[in-house]
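Chemist: Model the following, please.
(one chain, ligands or ions: 1)
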Amino acid sequence: MSAQPLLTFVQDITRLLETRPAESVILAEGRKLVAALVSSDEWLPDAFARPHPGHYQQYLLYADPLDRLSIVSFVWGPGQKTPVHDHLVWGIVGGLRGEERETTFRKQPDGSYEASGSGVLKPGEVTAVSPTIGDVHEVANNFADRPSISIHVYGKNIGRVRRHVFDPATGAAKSFVSGYSNDVVPNLWH
Ligand code: FE2
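Modeler: Residues are numbered from 1 along each chain as shown. Below is the predicted model:
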């Protein structure tokens with residue numbers, strides 16, 4: 001198994017971020033890079049493709065030493081989903097295996113959050129979030145009988161970002177830090 005596609009992605013997106021582009025450029029160019037990364041799936045080691053019976057897994061694949069990005073393998077067990085949450089940084093998501101369902105939410109004048117759209121991400125497809133383009137959503141495995149995997153790229157070390165989960169009915173926010181499922185991050189291009 002070769003980690004070359006991931007290495008190439010890290011090199012390309014690091015070069016992009018080194019130019020300190022506007023967020024619109026990061027999202028436009030970054031989407032192309034993520035699409036290239038998820039155009040094949042044999043590069044993801046099995047250790048970062050394992051679902052957990054109780055909850056979805058977030059395996060850190062790479063964190064930039066200058067905190068400009070992180071790359072996470074999201075592994076959904078059958079029927080698993082996130083609460084409604086925000087990110088506070090840009091994020092680009094590519095489908096790798098199975099299907100991921102996203103429901104976006106918009107804040108209402110009374111403070112509650114109402115679903116504003118939904119879509120299904122299939123292997124090779126890409127979507128994005130950010131405080132500028134819409135940052136609050138709920139994400140789920142679109143399958144009730146098998147795992148799904150997507151690759152998430154964020155504009156910071158997302159596992160350390162203090163952000164929020166929301167009760168959509170009331171808009172009540174709870175602060176959280178997502179962390180990672182793996183204790184050790186290997187060097188994938190040894
Ligand atoms: Fe998210």
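
Chemist: Quick check: Ser150 touching Gly95?
Modeler: Yes - counting by C-beta atoms under 8 Å, Gly95 is a contact partner of Ser150 at 5.3 Å. Where C-beta positions appear, they are placed from N, C-alpha and C, glycine not excepted.

Chemist: list the residues that contact both of these two?
Modeler: Val38, Leu121 (C-beta atoms under 8 Å, 6 or more residues apart in numbering).

Chemist: and those two? which has more neighbours close in?
Modeler: Ser150 (27 against 24; other C-beta atoms under 10 Å).

Chemist: contacting residues around that one?
Modeler: Val38, Ser73, Phe74, Trp76, Val93, Gly94, Gly95, Leu96, Glu100, Leu121.

Chemist: and it, what helix or strand is that in?
Modeler: strand 148-154 (DSSP states H and E).

Chemist: Ok, Val25 next?
Modeler: Using DSSP H and E, Val25 falls in helix 23-37.

Chemist: Okay, buried residues for that helix please.
Modeler: Glu23, Ile26, Leu27, Glu29, Gly30, Arg31, Leu33, Val34, Ala36, Leu37 (16 or more other C-beta atoms under 10 Å).

Chemist: for whichever helix or strand comes after it, what is the average pLDDT?
Modeler: For helix 23-37, the following helix or strand on the C-terminal side (DSSP H and E) is strand 57-63. For strand 57-63, the mean pLDDT works out to 96.

Chemist: Kindly calculate the angle that strand 57-63 makes with strand 148-154.
Modeler: Put simply, strand 57-63 runs at 40 degrees to strand 148-154, going by axes from the mean of the first three to the mean of the last three C-alpha atoms, to 10 degrees.

Chemist: in the next helix or strand after strand 57-63, what's buried?
Modeler: Downstream of strand 57-63, the next assigned helix or strand under DSSP H and E is strand 70-76. Neighbour counts using 16+ other C-beta under 10 Å place Ser70, Ile71, Val72, Ser73, Phe74, Val75, Trp76 of strand 70-76 among the buried residues.

Chemist: tell me the contacts of the residue most central in space within the chain?
Modeler: In the chain, the residue lying closest to the centroid (C-alpha atoms, centre = their mean) is His152, at 2.7 Å. With contact taken as C-beta under 8 Å, 6+ apart, His152 is in contact with Gln58, Ile71, Val72, Ser73, Phe74, Gly91, Ile92, Val93, Ile158.
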